[in-house]
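Participant: Got a predicted structure here, sequence first:
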Amino acid sequence: MLYLILCFILGFFSSSLLSLSSSLPPTHLCRPEQSSALLQFKSNLSLSISNCSQEVHIFSIHKMDSWDEDTDCCKWEGVMCDNRKGNVIGLDLNCSGISGSLQSNSSLFSLQNLRSLNLAGNCFRNSKIPSEFGKLRSLNYLNLSDTALTGFVPHEISLLSELVLLDLENIVLDRMSLSLVVPYSFLNLTVSLKHLSLAYWTRFSKGLPSSIGNLKHLKTLNLDSCVFIGSIPSALGNLTKITFLDISSNMFQGQIRDVFWNLNDLSFLDFSSNNFSGLFPSLAFNLTSLTFMDFSSNFLQGTLPNNISGLSYLRELHLYANLLNGRVLGRLFSLPSLKYLNLDFNKLNGPIDTIQEANLVQLVDLSKNEIQGKIPSSFFDLMILTILDLSSNNLSGNIKSCMLVKLKNLRSHNHSFNNLLSLTRCSNDVNSTLPMIIEFHFSSCNMQCFPSFLNASKSLQVLDLSNNQIHGSITKWEAEGWEGLDTLNLSMNFITTAEQIPGKHMFILDLRFNSLQGPLPPPPQALQIPSKIFNLSFLFVLDLSTNKLGRTIPYCFGTFSDQLSAVVLGTLNLNGNQLEGSIPPSLKNYHNLEVFYLGNNNINDTFPYWLGTLPHLQVLVLRSNRFHGEMQNFNGTFSFSSLQMIHLSRNGFTGHILPELFENLKSMKDILVDKSGPNYMGGNYYQDSVIITMKGLDFKLERILTSFTVIDFSSNHFKGSIAKEVGELNSLIVLNFSHNSLAGNILPSLGKMAALESLDLSSNKIQGKIPM
């Protein structure tokens, strides 16, 4: 009985304790004062959605949204605590959408147990780096990269004697000399510091000081894009534990010193985009731990060293854009780990060595050198090759298609501009293909027929066979296999007809300088491509210039069914044919048209004023035709507001040149200064060109600057005076009214046209002096 009573009492007591404990507030591991400090830090900042990394487009994540005073701060996102004492020892707010100021009195600096602090990718604009970082004596990881902090590196950083990693990449510091930073701010870090990044500090005023060599425990040093000048210090050779060294995109110059003797652990080496000169530092090839080597975009000379067999871990070798000469070593292709080999833009010569043992290289670029001789057959044993560029050399001999198709993984191939090289068919071409090919460039190589092994290449998107010896017709059989083709350049051949144009979604079609004959084929009324019909629904560039196309431009050009609402044609070049009749008004439906060439034909029409409705039209060339009549109807509807070049020379236009035309030329009135450098019309695979007349001579501009402006009304029958509105075209560069019947006095306002470089009013009845 006593036993039962005791059990009852103990059970009641236990249940009471459980009930009591469940009613007590939960205990938090995080220390209250540190939780309050974090919440105060949050309250002084704001959160926004931003792209915190422009290069990789990483968008911010609001880690602070989980910070709530009723919860344990050790469970907040981005917060790490010591499990024994509850101290906050880690704070990772990388790319958290934080914006605001970081002041010296911030509660952040009361967290003196912090070992790791990552504020990268946030925006503390107009805040200087607080010296209070020196209070966080336990820090071994500090990342302030991409934070928009300004000012100087405070010397208190040197108090962080346990700091292992310091990342100050891409912050806006005042102009300073690193010689002031290293000895003082980093003085006590010579034992602890292993990782240092100062990349994208663009305000250094001097070179890299030799005291950098005092940081003898460094494993990674990133000085990319710091605008350092002068030579590199020999003290770099003291960093014997370094594994990552990047001094690319600076202004270092002179001979590269022998700093590689003791850097045996180095795996990543980048000296690219500087002004280094002299002999290539062959000692770099003794670094047997290297996986990445880049000396590109310098002025290094000499030959490639023979002692490369020890580079068994090297994956990437980039030596392009230098002055290297000598042979291409066959043993490069035997390095077991090599994936990427870039030797383009050098002066390499002689034949390519025979490859004894092919490796697993994926990219080979030997373009723009002076390499001679035949391509060794062993080159086509590189079975994993995906990108091959041998263009712009002096290669010779025949490439047999059955050898080329061995490269089943090839995606981009370029043998262009080797005038002594040719591609010959093999008997089994019909059954061969390059199944992965996307781009195939074989321009200027004496090719005489279409490469039939490409017929079944469904993945092919870009095909350039320009400036060859291809005769005859584009047959339906040859075109049907290229369904995915979007860029086709067959210019400067001897093609006479086209049974079918390849591709369902063609973007650039360049057939200029051929022997195409007959009428211009009309565009389709539906997406299907019947024989001899162009699908213009996705076409951006159509160049049929300098052929023998005759008859009229089909009136169904620009007339589309409802299925073809997304017409994107930007360049239409019909220059240099035998086209007759008038311009079909349906062309005004090409709302994206930027460039229209119709010069050197037999078009018999009045001025197509309705083209002024095209909002993006920049270039209009109607020269050397049979246009006639007066130019009228220049009202607000037909404004030509984007026009930058208009060529009407060598026609039969009459009457007065109406001032309304010049009033509407808005793109010729404003002078635009492009600080990013010259920009040209066209793109990578096609460049717009134009012929201009200056002082009676024709000049061909192979590329057109987007800022270039021309008005050429020469060799017509215009009369009357020059409209005063011409003087308002402040950005006009070339003005040619010569060989007309214009009269009156030269306008004084012509002297105020600041951009005008060429003015031709000859062979008129104009009086007066040209104003200066």
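Facilitator: That came through fine.
Participant: Show the residue spans covered by the strands in the stretch 351-500 of the chain.
Facilitator: Applying DSSP state E, counting those that start in this stretch to the stretch 351-500 of the chain gives strands spanning 363-365, 370-373, 387-389, 394-400, 412-414, 420-424, 439-441, 462-464, 471-474, 487-489, 494-498.
Participant: winner for burial among those strands?
Facilitator: Across the strands of the stretch 351-500 of the chain, the average number of neighbours (mean count of other Cβ atoms under 10 Å) peaks for strand 487-489, which reaches a mean of 24. For the C-beta atoms, the positions are set from N, CA and C on the backbone; glycine is no exception.
Participant: from the chain's centre, how far out does that one sit?
Facilitator: What separates the centre of strand 487-489 from the centre of its chain is 21 Å, taken as Cα atoms, centre = their mean, to the nearest Å.
Participant: same question, stretch 225-235
Facilitator: Chain-centre distance of stretch 225-235: 27 Å, with Cα atoms, centre = their mean.
Participant: Going by neighbour count, which residues of it are buried?
Facilitator: Residues of stretch 225-235 classed as buried: 225-226, 228-229, 232-233, 235 (neighbour count, 16 or more other Cβ atoms under 10 Å).
Participant: Val541 is nearest to which of the strands of the stretch 351-500 of the chain?
Facilitator: Of all those, strand 487-489 sits nearest to Val541, with 8.5 Å by Cβ to Cβ.
Participant: Direction included, what does that closest one pair up with?
Facilitator: Partner strands for strand 487-489, per DSSP bridges, with pairing direction: strand 462-464 (parallel), strand 508-510 (parallel).
Participant: May I see those organised as JSON lines, with mean pLDDT and distance to His441 added?
Facilitator: Shown next, in JSON lines, are the strands paired with strand 487-489 (pLDDT from 0 to 100; distance: least, Cβ to Cβ, whole Å):
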{"stretch": "strand 462-464", "mean pLDDT": "92", "distance to His441": "4"}
{"stretch": "strand 508-510", "mean pLDDT": "87", "distance to His441": "13"}
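Participant: As a markdown table, these with distance to Ala755 would be great.
Facilitator: Shown next, in a markdown table, are the strands paired with strand 487-489 (distance: least, Cβ to Cβ, whole Å):
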| stretch | distance to Ala755 |
| --- | --- |
| strand 462-464 | 36 |
| strand 508-510 | 31 |
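Participant: rewinding a little: just so I know, which of the strands of the stretch 351-500 of the chain lies nearest Phe662?
Facilitator: Across those, Phe662 has its closest neighbour in strand 487-489 (37.6 Å, Cβ to Cβ).
Participant: I'd like a version of the strands of the stretch 351-500 of the chain in TSV, one that adds distance to Lys769 as further columns.
Facilitator: Putting the strands of the stretch 351-500 of the chain into TSV (distance: least, Cβ to Cβ, whole Å) gives the following:
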stretch	distance to Lys769
strand 363-365	58
strand 370-373	54
strand 387-389	57
strand 394-400	56
strand 412-414	56
strand 420-424	58
strand 439-441	54
strand 462-464	52
strand 471-474	58
strand 487-489	49
strand 494-498	53
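Participant: Compare those strands and give me the one nearest Ser639.
Facilitator: Of all these, strand 487-489 sits nearest to Ser639, with 33.0 Å by Cβ to Cβ.
Participant: helix/strand/coil for Arg551?
Facilitator: Here Arg551 is strand, with the state taken from DSSP: H, G, I helix; E, B strand; the rest coil.
Participant: and the gap between it and Gln578?
Facilitator: Distance of Arg551 to Gln578, given as Cβ to Cβ, to the nearest Å: 8 Å.
Participant: now Phe252
Facilitator: Taking Cβ to Cβ, one finds Phe252 at 59 Å from Gln578.
Participant: When these two are compared, which one has more neighbours?
Facilitator: Using other Cβ atoms under 10 Å, the more surrounded residue of Phe252 and Gln578 is Phe252, with 23 against 13.
Participant: domain ranges for this protein?
Facilitator: With domains defined by automatic domain parsing, the chain comprises 29-174, 606-767.
Participant: okay, Leu511: pLDDT?
Facilitator: Here, the pLDDT recorded for Leu511 equals 88.
Participant: ok, now Met64?
Facilitator: 91.
Participant: what's the answer for Phe450, then?
Facilitator: So Phe450 comes in at 84 (pLDDT).
Participant: What lies in contact with stretch 132-144?
Facilitator: Contacts to stretch 132-144, defined as Cβ atoms under 8 Å, 6 or more residues apart in numbering, come from residues 89, 94, 104, 106, 109, 111-120, 129, 154, 156-168, 171, 192.
Participant: and if you look at stretch 695-709?
Facilitator: Residues contacting stretch 695-709 (Cβ under 8 Å, 6+ apart): 619, 644-645, 667-668, 672, 674, 678-682, 687-693, 729, 731-734, 738, 755, 758, 760.
Participant: what's the first-to-last distance across that stretch?
Facilitator: One end of stretch 695-709 to the other measures 17 Å (Cα to Cα, to the nearest Å).
Participant: neighbours around the residue nearest to His628 when sequence neighbours are not counted, how many?
Facilitator: By the measure of Cβ to Cβ, 6 or more residues apart in numbering, the closest residue to His628 outside its immediate chain neighbours is Gly652, 4.2 Å from it. Per other Cβ under 10 Å, the neighbour tally for Gly652 reads 13.
Participant: Next, the contact list for Gly652, please.
Facilitator: 626-628, 716-717.
Participant: gap between it and Leu221?
Facilitator: 72 Å.
Participant: go on, Gln687?
Facilitator: As judged by Cβ to Cβ, Gln687 and Leu221 stand 42 Å apart.
Participant: who has more neighbours, the two?
Facilitator: Taking other Cβ under 10 Å, Gln687 and Leu221 do not tie; Leu221 has more neighbours (22 against 13).
Participant: contacting residues for the more buried one?
Facilitator: 196-197, 212, 215, 239, 242, 244-246.
Participant: That one belongs to a strand?
Facilitator: Yes - counting by three-state DSSP, Leu221 falls inside a strand.
Participant: quick one: the helices in the stretch 601-750 of the chain?
Facilitator: With DSSP state H, counting those that start in this stretch as the criterion, the stretch 601-750 of the chain has helices at 659-663.
Participant: helix or strand right after the helix or strand of the chain with the lowest mean pLDDT?
Facilitator: Lowest on mean pLDDT, DSSP states H and E among the helices and strands of the chain sits helix 2-23, with a mean of 40. Using DSSP states H and E, the helix or strand that follows helix 2-23 towards the C-terminus is helix 32-43.
Participant: list the helices and strands that next one packs on?
Facilitator: Helix 32-43 is packed against no helix or strand, with contacts defined by 3 or more Cβ pairs under 8 Å, 6 or more residues apart in numbering; DSSP states H and E.
Participant: What mean pLDDT does that helix get?
Facilitator: Mean pLDDT, computed over helix 32-43, is 94.
Participant: Please point out which parts of that helix sit buried.
Facilitator: 34-35, 37-39, 41-42.
Participant: Give the next helix or strand downstream of it.
Facilitator: Following helix 32-43 in sequence order, the next helix or strand is strand 46-47 (DSSP H and E).
Participant: Please identify the pairing partners of that following strand and their relative orientation?
Facilitator: Partners of strand 46-47 in the sheet, by DSSP bridges, are strand 98-99 (antiparallel).
Participant: Contacts only, for the residue lying closest to Ile371 once chain neighbours are set aside.
Facilitator: Closest residue to Ile371 in three dimensions, ignoring its sequence neighbours and counting by Cβ to Cβ, 6+ apart: Asn393, at 4.3 Å. Taking Cβ under 8 Å, 6+ apart as the criterion, Asn393 is in contact with 366-372, 417-418.
Participant: could you check the distance from Asn393 over to Asn322?
Facilitator: Going from Asn393 to Asn322 by Cβ to Cβ gives 16 Å.
Participant: How about Leu142?
Facilitator: Distance from Leu142 to Asn322, by Cβ to Cβ: 37 Å.
Participant: Kindly report the same for Asn87.
Facilitator: 54 Å.
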